[in-house]
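**Q** whatever this is, show me its structure:
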Amino acid sequence: MDFVNHPFFGLCASLLAALLLTLAAIWRVLRAAAAVPSASRQGRTARRLAWLYAAGALVWLGYAGYAGYGRFLSTPALAQFVLPDTLISMALFIAAIAWAAAFMVQLVLRLLKTEQQRQG
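**A** Numbers count the residues shown, from 1 in each chain. Alright, predicted model coming up:
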């Protein structure tokens, strides 16, 4: 069976791309939080902030996946007529929001790290 011609192949590939890009953003934030020494008050704050970001990014992925892809999953006839450009832009939009938030959280984590280094 040729999976590329399956009506839901493009939807699944697009959703998988959004999932992998969002998980990469979560991994990057968790790695940045691990760089802050955990014994300090800033370290605990950094870990808590990173896990809150991870939860928020997964909620965003779920909401955007449901709102964006849900209408195409209702009937296979609609899935066949979805343009590949639409699927690519949907995955990139979902990932772009997650990465933008990741960069902002990483900035805060970097500030926490410098504050902890300054205190000694």
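**Q** so Val36, which state does it fall into?
**A** Taken by DSSP: H, G, I helix; E, B strand; the rest coil, the conformation at Val36 corresponds to coil.
**Q** quick check: it touching Thr114?
**A** No. Val36 lies out of contact with Thr114 (CB atoms under 8 Å); the separation is 9.7 Å. Where you see a C-beta, it was placed from the backbone N, CA and C, and this is true even at glycine.
**Q** buried residues in stretch 89-101?
**A** 90-91, 94-95, 97-99, 101 (16 or more other CB atoms under 10 Å).
**Q** now do stretch 16-32
**A** For stretch 16-32, by 16+ other CB under 10 Å, it's 17-19, 21-23, 25-26, 28-30, 32.
**Q** so where's this structure shaky on pLDDT?
**A** 1-4, 6-7, 76-77, 79-80, 120 (pLDDT under 70).
**Q** work out which residue lies at the spatial centre of it.
**A** Here the mean C-alpha position of the chain is nearest to the C-alpha of Thr22 (CA atoms, centre = their mean), at a distance of 2.1 Å.
**Q** which non-adjacent residue is nearest that one?
**A** Ala98 (4.4 Å; CB to CB, 6 or more residues apart in numbering).
**Q** so that neighbour is in contact with Gly56, correct?
**A** No. Ala98 is not in contact with Gly56 according to CB under 8 Å; the separation is 9.0 Å.
**Q** returning to what we had before: the residue nearest to the centre of the chain and Thr114, how far apart?
**A** Noted for Thr22: a distance of 28 Å to Thr114, by CB to CB, to the nearest Å.
**Q** any chance you could map the strands in the chain?
**A** Assigned by DSSP state E, the chain shows no strands.
**Q** quick check, the residue nearest to the centre of the chain in contact with Gly56.
**A** No. Taking CB under 8 Å as the definition, Thr22 is not a contact partner of Gly56, at 10.7 Å.
**Q** returning to that earlier point: who has more neighbours, Val36 and Thr114?
**A** Val36 (24 against 12; other CB atoms under 10 Å).
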